[in-house]
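In: When you get a sec, could you give me coordinates for this:
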Amino acid sequence: MGSEQFKRRAALGLGGAAAATVALGGVASAQPTAAGEAVDWESLIPTSADLSRLKINWVYRAQTLLSGGTWSSHIAFSDPDGTLKPAVEDNADRVVEAYSVNKIAVAVAVLDKVDRGLLTLDQRVDVTEAIVIQDTDGIFGLDGAYPSSVTLGHVLATLLTVSDNTAVRLCGLVVPALELNEILRSKGFTATQVVPVANPNRFFLGTTTPRETFTLLQKLVRGELLSAASTAHLLNVLRSLTSFNDGVRARLTSTERLNVATKAGWFDDGRNEAGIVFDAQGKPMITYALFASGAFRGDTASHLEDYGATHPAARARAGIGRAMYDSVLRVTANTSRVFRSRKHQPYNGG
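Out: Numbers count the residues shown, from 1 in each chain. Alright, predicted model coming up:
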């Protein structure tokens, strides 16, 4: 794509702002405003919610153009009064393959049953050799000692941090596919559904839309999906430093990563991620849902084998993540704090 086409699309993405002067070759990322002064969106630390939305929009457009692929996304930033307003709406209602991003929805269904007294986090589930998926992801395939058992809390932790696919099957033992889908529909999520198979306790992770995933995360952080205890449990796991760090959190420090609750999902040509960015006071400021697939720039064959930080979509999300986090450094909202800010505290054993 030529630089003129890039400029035109960037200008459209920023509404009334003037055309961007960035070319794909790496010319300085300055953009003249209506007043004539140049704005370097990459390095700007916004001081208002409106500027934050402009920065996020600009960086999203730039990064997705550089990465290629087909993107479907929804990102919103909080005004001072807590009202969320869109920074990016890019095919937000397209039904997409969610892959492991739908593990958040699976966890919501499990915790919904916990809230209703039908399950407990300390109850144990059996791990048999037949249920373990040997896919090189996760940790259950590394155990080598079956049968065994783990708590349901351990299952959710491995489901959402190292994205263990055996943990999906273990969740299916306590929330069968049809029940899981009904729980999600009852909460308003008709596109966010798993795909049942012949075994009622197993399923593929199914579909969603960026807007539904966005809404699920928003309802979660507002305490509208689960009890206060289950909400805190789920968001705490998603904020763990053990969670995915090759995308939105790749260019953040350890302490900054603790302020981002995120879940990635990947399979075939799909590279997805969704989550919430909190400010230093623990207030939720940004909710994002990023879904990308198709033909990315570069060698298609190598991209299909690349699920790490070197994939063009992961590099794009890293740039978007840095822009989102920088956008909350000087901007906050008059809303309740969800988490107490904390720093990474490494330990050396013993």
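
In: How far off centre is the top strand by length along the chain?
Out: Longest strand in the chain, counting residues (DSSP state E): strand 284-296. Between the mean C-alpha point of strand 284-296 and the mean C-alpha point of its chain there is a distance of 7 Å (Cα atoms, centre = their mean, to the nearest Å).

In: Give me the buried positions along it.
Out: For strand 284-296, the neighbour count (16 or more other Cβ atoms under 10 Å) marks P284, M285, I286, T287, Y288, A289, L290, F291, A292, S293, F296 as buried. The way it works is simple: take the backbone N, C-alpha and C, and place the C-beta from them, glycine included.

In: Give the rounded mean pLDDT of the helix or strand following that strand.
Out: If you walk from strand 284-296 toward the C-terminus, the next helix or strand you reach (DSSP states H and E) is helix 300-304. Confidence over helix 300-304, taken as the mean pLDDT, stands at 92.

In: Which residues are in contact with A92?
Out: Neighbouring residues of A92 by Cβ atoms under 8 Å, 6 or more residues apart in numbering: S72, S73, H74, T209, P210, R211, F214, A289.

In: what about the closest residue to the fourth one other than its chain neighbours, which SS state?
Out: This means T209. The spatially closest residue to T209, leaving aside those adjacent along the chain, is A191, at 4.8 Å (Cβ to Cβ, 6 or more residues apart in numbering). Local secondary structure at A191 is given as coil here, using DSSP: H, G, I helix; E, B strand; the rest coil.

In: For A191, give me its contacts.
Out: With contact taken as Cβ under 8 Å, 6+ apart, A191 is in contact with V95, T207, T208, T209, E212.

In: same thing with Q63?
Out: Q63 is in contact with R315, A316, R317, G319, I320, counting by Cβ under 8 Å, 6+ apart.

In: And the last one, its phi and psi?
Out: Going back to what we said before, that points to I320. Dihedral angles phi and psi of I320 (degrees, to the nearest 10) take the values phi -60, psi -40.

In: Provide the count of other residues in contact range of it.
Out: Burial of I320 is recorded as 25 neighbouring residues (other Cβ atoms under 10 Å).

In: try the third one
Out: Here the neighbour count serves as a burial measure; for R317 (other Cβ under 10 Å) it reads 32.

In: who touches it in this structure?
Out: With contact set as Cβ under 8 Å, 6+ apart, R317 has these partners: Q63, G247, V248, A250, R271, E273, L290.

In: Sitting in helices, which of those residues do you find?
Out: When these are checked against helices (DSSP state H), the matches are Q63.

In: so of the contacts of R317, which ones are in strands?
Out: Secondary structure assignment by DSSP E places R271, E273, L290 of those in strands.

In: Check which helices and strands the longest strand of the chain sits against.
Out: Other helices and strands packing on strand 284-296, by 3 or more Cβ pairs under 8 Å, 6 or more residues apart in numbering; DSSP states H and E, are helix 49-67, strand 68-78, strand 96-97, helix 210-221, strand 270-278, helix 312-326.

In: These into CSV, with extra columns for distance to L180 and mean pLDDT?
Out: Compiled in CSV, the helices and strands packed on strand 284-296 are given as follows (distance: least, Cβ to Cβ, whole Å; pLDDT from 0 to 100):
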stretch, distance to L180, mean pLDDT
helix 49-67, 32, 97
strand 68-78, 23, 98
strand 96-97, 17, 98
helix 210-221, 14, 98
strand 270-278, 18, 98
helix 312-326, 27, 98
